[in-house]
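K.L.:
sequence? don't have it. structure:
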Ligand SMILES: NC(=O)C1=CN([C@@H]2O[C@H](COP(=O)(O)OP(=O)(O)OC[C@H]3O[C@@H](n4cnc5c(N)ncnc54)[C@H](O)[C@@H]3O)[C@@H](O)[C@H]2O)C=CC1
Ligand SMILES: N[C@@H](CCC(=O)N[C@@H](CSC=O)C(=O)NCC(=O)O)C(=O)O
Ligand SMILES: [Zn+2]
Ligand SMILES: [Zn+2]
């Protein structure tokens, strides 16, 4: 039965308040308005950023909300004026939008080769609402109260509504949605941090701080780029084996060097520091270590991790005066709607090299979402893919 133009009542995992378990409840998802797309979510994974927002660390976090931003699904219906996708299309919602190929008035970031920070809808997604009427499309079935969106995606729901500029198509019919959903955030971010933001070259030395899915994707990309030494850094010893499987040549657990900072350990190991480092933790002290373990003259450190509201980074300016570069990345610098379909093709044609299975440590039913958060918090899981059916 078609629900086109009508509200859909379905299950969503609602975050009613920070630090509280999600509640799987009935929500009403309004039909898509102009420039909007309603998607039936098939699979969604959890990213550390969902946990960070649920834990109350996100200055943009609004409650109640529907979290989730790493997913794949099928277009159920589209609002007026939508031309780039149609009902039945298999898609990946993108928290970083891209408007240049479908907007009559593209934003300057989409037109600029150096940025992927589309501004078309960002102001509204940050406030948890849709641009057209500045309201959410989710309401609670039991009392009609509004529920905010998250990152413009809100994939912890059987159905969601996103802006058209945030919809990447999965053009390859053979692409498994239960795997390519990971390209909606973590894996793409790690790959892009290495290839786009840093531009790691063959023969480079690399340190990756934080060996969750994002950090491991950095390692995978560094191997692909031909890095000769890749140092994985994590406070969890259990991450050493997996890091080496991904291609790390060395492993450092900072807790094993009491009284000595991690940057000193790495500078000694590399006789002067690494060419590139990646912070994939979201801790400002680790960000400092990641910068300061870079080689003077040309070392570049990329901040990938998302730090808690109110925290700030610091270092001695001398670290930059002596030639280190400190930069950051959002979604690995990829211009989402055009890049994600290419990443899907890369996975589909890449054999084992770009096999996403190694990131999927757990699979669960949607109703088990709080167990999945517990695993992520405990450091027991890279990616847990939740099935909606
Ligand atoms: N900039 C962007 O576009 C994106 C940023 N992120 C952020 O990237 C970070 C990583 O995300 P996930 O891989 O999903 O997280 P995760 O929680 O799976 O992995 C984090 C890893 O860091 C390790 N860790 C914790 N404290 C540490 C310390 N002091 N030193 C070294 N390692 C430490 C943990 O043991 C864990 O292995 C998060 O901050 C997340 O919010 C995620 C996706 C996109
Ligand atoms: N909302 C936070 C910042 C959160 C943040 O930095 N998000 C990353 C993506 S994390 C994905 O898992 C990002 O790409 N940010 C760029 C953006 O435009 O959102 C805050 O207010 O500090
Ligand atoms: Zn994410
Ligand atoms: Zn744009």
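P.N.:
Okay, I see it. These figures come from a predicted structure and were not determined experimentally. Numbers count the residues shown, from 1 in each chain. Ligands and ions are numbered 1, 2, ... in the order given.
K.L.:
end-to-end on stretch 163-181?
P.N.:
Start and end residues of stretch 163-181 are separated by 18 Å (CA to CA, to the nearest Å).
K.L.:
ok, now which ones touch the residue in the chain positioned nearest to ligand 1?
P.N.:
Ligand 1 sits closest to residue 212 of the chain, with a gap of 2.1 Å, by CB to the nearest ligand atom. The C-beta positions use only the backbone N, C-alpha and C, and glycine is treated the same way. Residue 212 sits next to 48, 186, 280, 382 when contact means CB atoms under 8 Å, 6 or more residues apart in numbering.
K.L.:
go with 6 Å
P.N.:
Contact partners of residue 212, counting by CB atoms under 6 Å, 6 or more residues apart in numbering, are absent.
K.L.:
repeat that for the one 3 residues further on.
P.N.:
With contact set as CB under 6 Å, 6+ apart, residue 215 has these partners: 208, 280.
K.L.:
against residue 144, how distant is it?
P.N.:
43 Å (CB to CB, to the nearest Å).
K.L.:
ok, back up a step: per-residue confidence for the residue of the chain closest to ligand 1?
P.N.:
Turning to residue 212, the model gives it a pLDDT of 98.
K.L.:
ok, the one 4 residues further on next?
P.N.:
For residue 216, the pLDDT comes out at 98.
K.L.:
which element is it on?
P.N.:
In the assignment (DSSP states H and E), residue 216 maps to helix 213-225.
K.L.:
buried residues in that helix?
P.N.:
Residues of helix 213-225 classed as buried by neighbour count (16 or more other CB atoms under 10 Å): 213-225.
K.L.:
same check on stretch 151-171?
P.N.:
For stretch 151-171, a neighbour-count test (16+ other CB under 10 Å) marks 151-170 as buried.
K.L.:
what ranges do the helices span in the stretch 201-350 of the chain?
P.N.:
213-225, 239-246, 262-269, 284-292, 317-321, 336-349 (DSSP state H, counting those that start in this stretch).
K.L.:
nearest to residue 386, of these?
P.N.:
helix 213-225 (14.8 Å; CB to CB).
K.L.:
return the distance of the closest one from the chain's centre.
P.N.:
Relative to its parent chain, helix 213-225 has a centroid offset of 14 Å by CA atoms, centre = their mean, to the nearest Å.
K.L.:
tilt between it and helix 239-246?
P.N.:
For helix 213-225 against helix 239-246, the angle by axes from the mean of the first three to the mean of the last three CA atoms, to 10 degrees is 30 degrees.
K.L.:
so what's the residue nearest to residue 327 when sequence neighbours are not counted up against?
P.N.:
Counting by CB to CB, 6 or more residues apart in numbering, residue 302 is the residue found nearest to residue 327 once chain neighbours are left out, at 5.6 Å. Residues near residue 302 by CB under 6 Å, 6+ apart: 193, 197-198, 278, 327, 329.
K.L.:
right, I'll leave it there.
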